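Asker: pasting the sequence and the predicted model now:
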Amino acid sequence: MKQPIDISNPLVAEMLKSIEAVFRAFDVDYYLVGAMARDIRLSVQEEFTSKRRTNDADIAILLSDEKQFYDIIDALKATSLFAESNHSVFKLIFKEALEVDLLPFGEIEKEDRQLNLSKHSFLVMDMSGFKEVYSFTETITVAEGISLNVCSLEGLVILKLIANNINPERTKDIIDIDHILEVYFELNANEIYNEYMEVMELYDTNQNNYLTLVSARIVGRKMKNILFNTEATHQLVKNILAKRPVDIWQAMLEGVSE
């Protein structure tokens, strides 16, 4: 993406610069996920930007162990810019205004993909999908002097499917997935015409949601590529899609199963 993305809240840019400096000091990789990644990806065309704009940040961090996580938390608080949240050990507050959720993944996970910190044993998080999506992130210039890895749209769909499966009350994930699929064709028209013409022939052009069906099938195929080396997560995503018998989701299922 050649043009910088305008982050409307200057506080966000300041937070990203501050947090990136600490991550660099610890030599850890990270990428942007969640609603902010969604906004960045969709802001390529302003009319497609989600109506649920956010200034909160979800940042996935590739960590080796629990000590590294707590050391980074302490270093962030030592800047005096980040403070603890009363709601979660994974959440920090930047300048008393901006919520930042740190999502550790990698070797810090257990074999079953669960994150269970010994200091907060009552908190358990399923990190399925985070390692898989990490390999398919893209470095994007998001503001003047700020470039960082951002989750792909297909990766966002994977993570939102899993998040909603864990907590079905998170209906915002379903809303986001449906919106991504609705605008996906116009965002990727050149690629689709050049590389996926055969998918366009799989559906009836007279269907009102023809382009969304095509997009869903392609998104499913790309999700399969992301999950290729992790059978358990691949099967999990297929099972989630199979539980929602609507044509768009079934097109995704067909793509991820091909």
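Answerer: Received, thanks.
Asker: and the strands in the stretch 1-150 of the chain?
Answerer: 30-33, 57-63, 82-84, 91-94, 98-106, 114-116, 124-126, 138-143, 146-150 (DSSP state E, counting those that start in this stretch).
Asker: so which of the ones you listed is the most surrounded?
Answerer: Burial of these is given as mean neighbour count (mean count of other C-beta atoms under 10 Å); strand 30-33 ranks first at a mean of 25. Yep, even glycine has a C-beta here, placed from its N, CA and C like the rest.
Asker: so what's the residue count around the nearest residue to Phe94 once chain neighbours are set aside?
Answerer: Of all residues not flanking Phe94 in the chain, Met15 sits nearest, at 4.5 Å (C-beta to C-beta, 6 or more residues apart in numbering). By other C-beta atoms under 10 Å, the residues close to Met15 number 24.
Asker: ditto for the one 10 residues further on
Answerer: Burial measure for Ala25: 10 neighbouring residues, criterion other C-beta under 10 Å.
Asker: so how far is Glu20 from the closest residue in space to it that isn't next to it in sequence?
Answerer: Computed as C-beta to C-beta, 6+ apart, the closest residue to Ala25 that is not its neighbour in sequence is Ala75, at 6.9 Å. Ala75 sits 12 Å away from Glu20, going by C-beta to C-beta, to the nearest Å.
Asker: same check, this time on Thr137
Answerer: 15 Å.
Asker: neighbour count winner among the two?
Answerer: Counted by other C-beta under 10 Å, Thr137 and Glu20 do not tie: Thr137 has more neighbours, with 20 against 15.
Asker: surely the more buried one is in contact with Leu148?
Answerer: No: Thr137 is not in contact with Leu148 according to C-beta atoms under 8 Å; the separation is 9.1 Å.
Asker: so what sits against both of the two?
Answerer: The contact sets of Thr137 and Leu148 overlap at Tyr31 (C-beta atoms under 8 Å, 6 or more residues apart in numbering).
Asker: tell me, how many residues neighbour Leu76?
Answerer: Neighbour number of Leu76 under other C-beta under 10 Å is 22.
Asker: do I have it right that it meets Ala21?
Answerer: No: using C-beta under 8 Å, Leu76 is not in contact with Ala21; the gap is 9.9 Å.
Asker: nearest residue to Lys17 other than its sequence neighbours?
Answerer: Ile146 (6.1 Å).
Asker: now stretch 84-96 - C-alpha only, CSV.
Answerer: Provided in CSV are the C-alpha atoms of stretch 84-96 (Å, rounded to 0.1, in the frame of the first residue of the first chain):
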residue,chain,number,x,y,z
GLU,A,84,-2.7,-0.8,34.1
SER,A,85,-6.3,-1.5,33.5
ASN,A,86,-8.6,-2.7,36.2
HIS,A,87,-10.3,-5.0,33.7
SER,A,88,-7.6,-7.2,32.3
VAL,A,89,-3.9,-8.0,32.7
PHE,A,90,-3.7,-7.8,28.9
LYS,A,91,-5.1,-4.3,28.7
LEU,A,92,-3.2,-1.1,29.1
ILE,A,93,-4.5,2.5,29.0
PHE,A,94,-2.4,5.0,27.0
LYS,A,95,-2.5,8.5,28.4
GLU,A,96,-5.7,7.7,30.2
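Asker: centre of the chain versus it, how much separation?
Answerer: Centre-to-centre, stretch 84-96 and its host chain are 20 Å apart (C-alpha atoms, centre = their mean, to the nearest Å).
Asker: what's the helix or strand Tyr193 falls within packed up against?
Answerer: Per DSSP states H and E: Tyr193 is located in helix 189-195. In terms of contacts (3 or more C-beta pairs under 8 Å, 6 or more residues apart in numbering; DSSP states H and E), helix 189-195 is packed against helix 210-226.
Asker: can you list contacts of the helix it packs on?
Answerer: 132-133, 135-136, 152-155, 157-158, 180-182, 184-185, 188, 192, 196, 199-200, 202-204, 207, 234, 237, 241, 247-249, 251-258.
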